[in-house]
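Trainee: Have a look; sequence and predicted model below, questions after that.
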Amino acid sequence: MGMTTIQNIVGVRFSKVGKIYHFDATSLSDVKTGDSVVVETARGWQLGEVAQVVDPIVNKPEGDLKAVSRLATPRDLLLRKVWQVRELDVVEAARKRAEELKLYNVKIVSAEYSFDGSRLAIMYSTDSEEKVDLKSLRSDMQKIYTPTQVEMRQIGPRDVAKIIGGMGACGLEKRCCSAFLTDFSSISIRMAKEQGISLSPTEITGMCGRLRCCLIYEYDTYTELRKGLPKRGKHITTPVGEGKVLDVSPLAGTVRVEIPELGIREFTKEELSGTPEVPTVSALDINVADSAAGEARLTPPPAQSRPGEQPGTPGEVKPFGPQQHEGRQGRRKRGGRRH
């Protein structure tokens, strides 16, 4: 009876603060975190660092995984440094050529060689919403760096900030994207509102010109703490009377309420538990109530029958007939003016 081979899965990172990709390292029995390995990716051969060793029983990645080719040798590490030096020359040459072609709205950010030097990716960004034609620039770069295959790759403003680095808007020596963020989360203005942060652009915008990534750090905590607390502007019933909510403090779990007879009072979530909100009367409700009252006023009372007259249906208003009401034209037809 043969023994079942346990698959050895490792997470490989190709930059210091980059996304982790999983590979099958079953052929390497002694691989550990921090080792440099050579792997084949969709963008050619790459040299990466093992960031984690995954337990396939607890968390097995889905899909078929490519195998790790081998552990990197000192020669491989030296070759990678040679390509990194050449990448700086590529950026300088691409910027110069872009200026000659008058591509002023295109910013060359960085360049990246594959491990074997067969592919070269030039990263750029643009402020223009329209698609930029870079065929001439790519063709010129291809002529300079033949036989390497040159690719122009557009990246977003957050990726640009991640590559360039620098001090964050909060004063940290490194921006979060350059320090530890491997993926960019979707940030919305609602996250700032939920946490009571000022909506001034200088307060919620990062160095990249987009909403700060840190707005999502405590968003879930604020959302959880706000459960059971009334919203600002609502009219609620407190233990000492009805009032309007002026401010909510989720971290402290308190609510400031303005009560007309007593002024501003502060209550905890426990003190307000079980007290209903005062229904707010909208303008539509007022209009409906007014129209209903108007219809009641316009409805005539039941007609009372006089002696000698046939009683009508209660509440029915009989129209005037020809014998009950005549106009001037009717009198003139019957004999002129009445004396």
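Mentor: Right, received. Where do you want to start? None of these values were measured; they are calculated from a predicted model.
Trainee: Could I get the average pLDDT for the longest helix along the chain?
Mentor: Counting by DSSP state H, the longest helix found in the chain is helix 74-100. Helix 74-100 carries an average pLDDT of 95.
Trainee: Can you tell me which helices and strands it packs against?
Mentor: Counting contacts by 3 or more CB pairs under 8 Å, 6 or more residues apart in numbering; DSSP states H and E, helix 74-100 is packed against strand 36-41, strand 44-54, strand 106-113, strand 119-126, helix 135-144. Placement of C-beta: from N, CA and C, glycine included.
Trainee: Now with 10 Å, please.
Mentor: strand 36-41, strand 44-54, strand 106-113, strand 119-126, helix 135-144, strand 149-154 (3 or more CB pairs under 10 Å, 6 or more residues apart in numbering; DSSP states H and E).
Trainee: Need the ones you listed in TSV (columns: mean neighbour count, distance to residue 203 and mean pLDDT).
Mentor: Shown next, in TSV, are the helices and strands packed on helix 74-100 (neighbours: other CB atoms under 10 Å; distance: least, CB to CB, whole Å; pLDDT from 0 to 100):
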stretch	mean neighbour count	distance to residue 203	mean pLDDT
strand 36-41	18	40	93
strand 44-54	18	34	91
strand 106-113	20	26	95
strand 119-126	19	24	95
helix 135-144	15	38	95
strand 149-154	16	29	95
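Trainee: low-confidence ranges in the stretch 201-339 of the chain?
Mentor: 274-339 (pLDDT under 70).
Trainee: cutoff 80 now
Mentor: For the stretch 201-339 of the chain, the stretches with pLDDT under 80 are 273-339.
Trainee: And the strands in it, which stretches?
Mentor: 235-238, 241-249, 254-259, 263-268 (DSSP state E, counting those that start in this stretch).
Trainee: Could I get these in CSV, plus columns for mean neighbour count and distance to residue 221?
Mentor: Formatted as CSV, the strands of the stretch 201-339 of the chain follow (neighbours: other CB atoms under 10 Å; distance: least, CB to CB, whole Å):
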stretch, mean neighbour count, distance to residue 221
strand 235-238, 16, 24
strand 241-249, 16, 13
strand 254-259, 19, 16
strand 263-268, 14, 18
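Trainee: Redo these as JSON lines? Include distance to residue 49.
Mentor: JSON lines is the format used below for these (distance: least, CB to CB, whole Å):
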{"stretch": "strand 235-238", "distance to residue 49": "56"}
{"stretch": "strand 241-249", "distance to residue 49": "45"}
{"stretch": "strand 254-259", "distance to residue 49": "48"}
{"stretch": "strand 263-268", "distance to residue 49": "51"}
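Trainee: Please identify which of these is closest to residue 204.
Mentor: strand 241-249 (19.5 Å; CB to CB).
Trainee: Retrieve the pLDDT associated with residue 17.
Mentor: 88.
Trainee: Wait, residue 128 touches residue 134, no?
Mentor: No. When contacts are counted by CB atoms under 10 Å, residue 128 is not listed as touching residue 134 (11.9 Å).
Trainee: Counting neighbours around each, name which of those two comes out higher.
Mentor: residue 134 (20 against 9; other CB atoms under 10 Å).
Trainee: wait, what's in contact with the more buried one?
Mentor: Residues near residue 134 by CB atoms under 10 Å, 6 or more residues apart in numbering: 94, 98, 101, 103, 106, 122, 124, 126, 140, 141, 152, 154.
Trainee: Excluding sequence neighbours, find me the nearest residue to residue 23.
Mentor: Leaving aside its chain neighbours, residue 23 sits nearest to residue 68 (4.9 Å; criterion: CB to CB, 6 or more residues apart in numbering).
Trainee: Angles on the backbone of that neighbour, please.
Mentor: The phi/psi pair for residue 68 (degrees, to the nearest 10) reads phi -70, psi 130.
Trainee: and it, what is it in contact with?
Mentor: Counted by CB under 10 Å, 6+ apart, residue 68 has contacts 8-10, 12, 23-28, 31, 35, 37-40, 48, 50.
Trainee: can you check residue 249 too?
Mentor: So residue 249 contacts 196, 225, 229, 255, 256, 266, 268 (CB under 10 Å, 6+ apart).
Trainee: same thing but at 8 Å, please
Mentor: By CB atoms under 8 Å, 6 or more residues apart in numbering, the contact set of residue 249 is 255, 256.
Trainee: before we move on, what about residue 269?
Mentor: 228, 229, 253, 254, 255.
Trainee: what pairs with the last one across the strands?
Mentor: I take that to be residue 255. On the basis of DSSP bridges, residue 255 is bridged to residue 248, residue 267.
Trainee: Settle this for me: residue 194 is touching residue 224, isn't it.
Mentor: No. Contact criterion CB atoms under 8 Å: residue 194 and residue 224 do not qualify, at 10.8 Å.
Trainee: The two: which is more packed in?
Mentor: Legend: neighbour count by other CB under 10 Å for residue 194 and residue 224, higher for residue 194 (17 against 9).
Trainee: For the residue nearest to that one when sequence neighbours are not counted, give its distance to residue 106.
Mentor: Using CB to CB, 6+ apart and skipping the chain neighbours, the partner closest in space to residue 194 is residue 222 (5.2 Å). The spacing between residue 222 and residue 106, counted by CB to CB, to the nearest Å, is 40 Å.
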